[in-house]
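1. Provided below for reference: sequence and predicted model.
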Amino acid sequence: MGCGNTKPNQLQLKKSERGHLSVPAATAMRSALLIQRWYRQYVARLEMRRRCTWNIFQSIEYAGEQDQIKLYNFFAYLMDHFTPASSERNLISHIFRDNDLLRDIEWERYFNYKNIEIPDDYCGPHLTFPLTTCIVTELVEAFRNKQQLHSRYVLQLLGETWKLLRLLPNINHVSTCHSKEITICGDLHGHLEDLLLIFYKNGLPSMETSYVFNGDYVDRGKNSIEILLILFAFLLLYPNDVYLNRGNHEDHMVNLRYGFTKEVLGKYRLHGKKILKLLQKIFSWLPLATVIDQKVLIVHGGISDTTDLSIIAKMDRHRYVSSLKPPKHRRFLAKSKVCDDDSDVEDAGAVGSVERRRVFSLTHSSPSASLHRSMQQRRSLQSSSGVEEELQEQRRQAGLSVEHQSVCSETELTQAVEADAEEWKQLVDLLWSDPMTLDGCVPNEVRGGGCYWGPDVTEDVLNRHHLHLLIRSHECKQEGYEFCHSRRVLTIFSASNYYEEGSNRGAYIRLGPDLIPHVIQYQATRTTRDLTLRQSVGRTERSALRALREQFFAHKSDLMSVFQQYDPDNTGLISLKDWAVAMETVLHLALPWRVLRSQLVNSTQDGMLDYHSWFRELDITEPNKELAHTNVLETLYKHHSNLETIFRIIDTDNSGLISFEEFRQTWKLLSSHLKMEISDEAIVDLAHSIDFNHDGSIDINEFMEAFRLVDSTHHDMGNSMIKAPS
Amino acid sequence: MADDKDNAEAILSEVHKKISDAFDLFDHEFNKTVDVREIGTIIRSLGCFPSEVELHDVITEAEDEEPMGYIRFERFLPVMTRVLMERKFRPITEDLLLQAFEVLDQQNKGYLEAEELTKYMTLEGEPFTQEEMEEMLSAALDPEKNVIAYKDFVSMMVIDDAQ
């Protein structure tokens, strides 16, 4: 490449054009080439790291969602197979308590706010009804200033919202007449700063500025309740200009796990429970979709090959309090016993191979388990009582086809039952589905609900309904938005920095009468905008790696035992290749372990890793060294999300306290779900050591704090658990 | 002899796994295909330093007869394996990189003016896009003096890489 006077081409300047560049042409070109080649490599490596980081967050997030569904399925199975006398049944029957028993007028009495007094020293925002622009603007300001709305006003506002929502149809119909532009926002997940940023950039909702909010207002972020209150206030103020869609997180079952329940109970100690109950009803009354100019469909999750807006328009949407649970059946329940087998079979096959989708989907069953499984609450036909026996039964039945013990002969009932199932599927598909690039429609096993739908399904569904565009949310996107399916599907996500500061931007859409979407992006914190690519990747990456290291800790014993299998001579060393295989088999996280290896393994000798010191280097301090039975500790940590979910369910008076007995029973329940053996003695010891008050009850929050792992730099936090509680 | 063969197979298998892991990271549909525009990132992340032209050649080799905009793993694997086994597109060492900068710094100032570097990077060799140039400047430029102290820049980048 070193010729002197070359003929001009794009890659090289003529000598005359090079002007003040004094280095000889050939040399300059060589050097430039080298620098460019090197730099592009560097950027590619950064991109790889960013991609890995994203993968880590997503895997852990989706694994959590799967976990939730698995736990839920387990409860459902137990409910069906316990005799009424069983004590465990009482525990989990709380989940299935029906809300519909009281009539509306009784609910209105229950949610009465009038006898809640506002103390004189309350300096938060005040509400009077009917709301005015001034009042609502002040409410927004108050939240911006980190004030809290008094529970009296909360209940009043929610009551008014409920009344309004009941009048709304399942599908909002909006038009862009009068050259109005409509703004569409995606997931907010409690990120108040993002909502405020949108209002700042785009204007508050008003008759000139219409908004559609596409679900997932709550969970994960710290200000879920404030976001709801603001959105509801604007809905009441401008009912013809503000439209709310339901998301999969507008669901108390999901909220138990992902933080909203905890937030409300923490902020509203006295009336939190009532507020949550009222919200359950409100969520069930949220519309399911919005259609603009009969051409643009907006739903939270997406569609499936069977999506039919006419069915959706006709259903009683409020019967679906949780999209995870089908509604209680209207008439007498048919007795049929089917097996909940596939998840077991898949688990058994999971060891030794990594597959990205493992969990059985709620509504999309394989041919062997029928729709009936997912539809009804069934009376038990079994007489055996122990949990272990139940599970053995379950395992024995794995792989068998449907057995109908006794079939209800009424055709009407069967039809009603099938219609219900159809409706439920329509709803779940709308709220949980994700697009894929391949044609077709397959169950969404990563999340456990809804489906993955392809471009052909988009074509079909949109054409069938004479629609042009589908706008949906549900998935976090690095740029805050993403087109797919030949730009007929647009994902919009409005919670910036969702995984971590700098992880992603948020975005919203403006749509005018031409129905061409214009996307506006933003990111909530000033500092992140000024970070270089390198710095923001680094920060997010550190956070992801921290999350991963917690997973390692949670699986330490399993990892150790696999490492030792690869090290039969007990040298303390394993090859990096074996390390990668061990990671895959134990963690069941579909991650590129070889790519991540350089981030996770600091020092090796000749390609061999000293695994004992690797664990030490992970820099994780076990939070409470005083607790005996540390393998129990590890197990508890691994499943702390499930544990917390169960605790909150059984803590019926929302006191934050559970009794010893409840703790013991919870643990027994969980250990049977996980098919583990934990001795009663270990549990009792653990419970005693956690009862810092020595009053026979366990504070849930304290208990969960005990399992928050800390970096060794902050180990004081762990030590503080040993001191006397306040 | 048997040992050597085992060894070679083990190495090969490890190479295949490495390629597979990197590929899977960009395989959004879990169907063993990636968008052709991401192949460059994949190849580079495996430790190779190809030029744009060299990259283009590899892509052509890995593409189907009728390029569809995506690359299939079964075609990519043998091509990439050969690249790795033959150690094509060797890394650029810190010394070499530094030399390249020094060559451009004819007056031996120890730094390059922003405008200078920009002209070289966007007009010579395989020119940067505007985006690439901006990104490099944001990392390399001393905003007060408007120069690139390339020695520091190179050291910093190399440390980053090693982390």
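-> Received it, and whenever you're ready, just let me know what you need. Residues are numbered from 1 along each chain as shown, chains lettered A, B, ... in the order given.
2. list the contacts for the residue nearest the centre of chain B?
-> In chain B, the centroid-proximal residue (Cα atoms, centre = their mean) is residue B:44; its distance is 3.6 Å. Residues in contact with residue B:44 (Cβ atoms under 8 Å, 6 or more residues apart in numbering or on different chains) are A:40-41, A:44-45, B:50. Where you see a C-beta, it was placed from the backbone N, CA and C, and this is true even at glycine.
3. repeat that with 6 Å
-> Going by Cβ atoms under 6 Å, 6 or more residues apart in numbering or on different chains, residue B:44 touches A:41, A:44.
4. equivalent analysis for residue B:49, please.
-> A:37, A:41, B:89, B:91-92.
5. what's the helix or strand for it?
-> Using DSSP states H and E, residue B:49 is not contained in any helix or strand.
6. residue A:508 too?
-> Using DSSP H and E, residue A:508 sits in strand A:506-511.
7. so what are the sheet partners of the helix or strand following that strand and their directions?
-> Downstream of strand A:506-511, the first helix or strand assigned by DSSP H and E is strand A:517-522. Applying DSSP bridges to the sheet, strand A:517-522 is found paired with strand A:506-511 (antiparallel).
8. now do residue A:638, the pLDDT please.
-> As predicted, residue A:638 sits at a pLDDT of 71.
9. the lengthiest helix in chain B close to chain A?
-> The longest helix of chain B (DSSP state H) is helix B:2-25. Yes: using Cβ under 6 Å from any Cβ of the partner chain, helix B:2-25 comes into contact with chain A via B:14, B:17-18, B:21-22, B:24-25.
10. re earlier: so the residue nearest to the centre of chain B lies in a strand, does it not?
-> No: looking at residue B:44 with DSSP: H, G, I helix; E, B strand; the rest coil, it is helix, so not inside a strand.
11. so how far is residue B:155 from it?
-> For residue B:44, the distance to residue B:155 equals 21 Å [Cβ to Cβ, to the nearest Å].
12. so which residues on chain A come close to chain B?
-> Contact residues (Cβ under 6 Å from any Cβ) of chain A with chain B: A:13, A:22-23, A:27-29, A:31-38, A:41, A:44-45, A:47-48, A:51, A:356, A:436-438, A:532-534, A:577, A:592, A:594-595.
13. filter those down to the buried ones, PyMOL style.
-> Buried members of the residues of chain A next to chain B, defined by 16 or more other Cβ atoms under 10 Å in any protein chain shown, are picked up in PyMOL with:
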select buried, chain A and resi 13+23+28+29+31+32+33+34+35+36+37+38+41+44+45+47+48+51+436+533+534+577+592+594+595
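14. quick one: which of the residues of chain A next to chain B sit in helices?
-> Counting by DSSP H, the residues of chain A next to chain B place A:27-29, A:31-38, A:41, A:44-45, A:47-48, A:51, A:533-534, A:577, A:594-595 in helices.
15. for chain B, what helix or strand is lowest in average pLDDT?
-> helix B:150-162 (a mean of 75; mean pLDDT, DSSP states H and E).
16. residues in contact with the strand holding residue A:508?
-> Contact partners of strand A:506-511, identified using Cβ under 6 Å, 6+ apart, comprise A:181-185, A:194, A:198, A:480-481, A:492, A:494-496, A:517-522.
17. phi, psi for residue B:124 please.
-> phi -110, psi 170 (degrees, to the nearest 10).
18. wouldn't it be in contact with residue A:29 here?
-> Yes: with contact defined as Cβ atoms under 6 Å, residue B:124 reaches residue A:29; the gap is 5.2 Å.
19. which residues do those two both contact?
-> Counting by Cβ under 6 Å, 6+ apart, nothing touches both residue B:124 and residue A:29.
20. which residue is the nearest non-sequential neighbour of residue A:268?
-> With Cβ to Cβ, 6 or more residues apart in numbering or on different chains as the criterion, residue A:268 has its nearest non-adjacent residue at 5.1 Å, and that residue is residue A:151.
21. do the same with residue A:318
-> residue A:284 (4.4 Å).
22. quick one: list the elements packing against whichever strand or helix holds that neighbour.
-> Using DSSP H and E, residue A:284 sits in helix A:272-285. Contacts defined by 3 or more Cβ pairs under 6 Å, 6 or more residues apart in numbering or on different chains; DSSP states H and E place helix A:272-285 against helix A:151-165, helix A:260-267.
23. which residues sit against it?
-> With Cβ under 6 Å, 6+ apart as the test, helix A:272-285 has contacts from A:111, A:154, A:158, A:161-162, A:165-166, A:250, A:252, A:264-265, A:268, A:318, A:321, A:654.
24. after it comes which helix or strand?
-> Criterion used, DSSP H and E; the element after helix A:272-285 is strand A:289-292.
25. pLDDT on that next one, on average?
-> 96.
26. next: stretch A:513-529.
-> Mean per-residue pLDDT for stretch A:513-529: 80.
27. quick revisit: for the residue nearest to residue A:268, give its distance to residue A:267.
-> 9 Å.
28. if we can go back for a sec, list the buried residues in the strand holding residue A:508.
-> Going by neighbour count (16+ other Cβ under 10 Å), the buried part of strand A:506-511 is A:506-509, A:511.
29. go through those residues and name the one nearest residue A:311.
-> residue A:511 (26.0 Å; Cβ to Cβ).
30. beta partners for the closest one?
-> With DSSP bridges applied, residue A:511 shows beta-bridge pairing to residue A:182, residue A:517.
31. ok, back up a step: between the residues of helix B:2-25 next to chain A, which is closest to residue A:139?
-> Nearest to residue A:139 among the residues of helix B:2-25 next to chain A is residue B:25, at 44.9 Å by Cβ to Cβ.
32. I'd say that closest one and residue A:51 touch.
-> Yes: with contact defined as Cβ under 6 Å, residue B:25 reaches residue A:51; the gap is 5.3 Å.
33. and which of the contacts of residue B:49 is nearest to residue A:661?
-> Among the contacts of residue B:49, and counting by Cβ to Cβ, the member closest to residue A:661 is residue A:41, at 61.6 Å.
34. so who does that closest one touch?
-> Residue A:41 makes contacts with B:44, B:49, as judged by Cβ under 6 Å, 6+ apart.
35. distance of residue A:214 from chain B?
-> The gap separating residue A:214 from chain B is 22 Å, by Cβ to the nearest Cβ, to the nearest Å.
36. okay, now that residue: neighbour count?
-> 30 (other Cβ atoms under 10 Å in any protein chain shown).
37. who are the contact partners of it?
-> Taking Cβ under 6 Å, 6+ apart, we find residue A:214 in contact with A:186, A:245, A:298, A:300, A:473.
38. between the residues you listed, which is closest to chain B?
-> Chain B has its nearest neighbour among the contacts of residue A:214 in residue A:473, at 18.1 Å by Cβ to the nearest Cβ.
39. what sits against residue A:256?
-> Residues counted as contacts of residue A:256 (Cβ under 6 Å, 6+ apart) are A:645, A:648.
40. need the contact list for residue A:153.
-> By Cβ under 6 Å, 6+ apart, the contact list for residue A:153 reads residue A:127.
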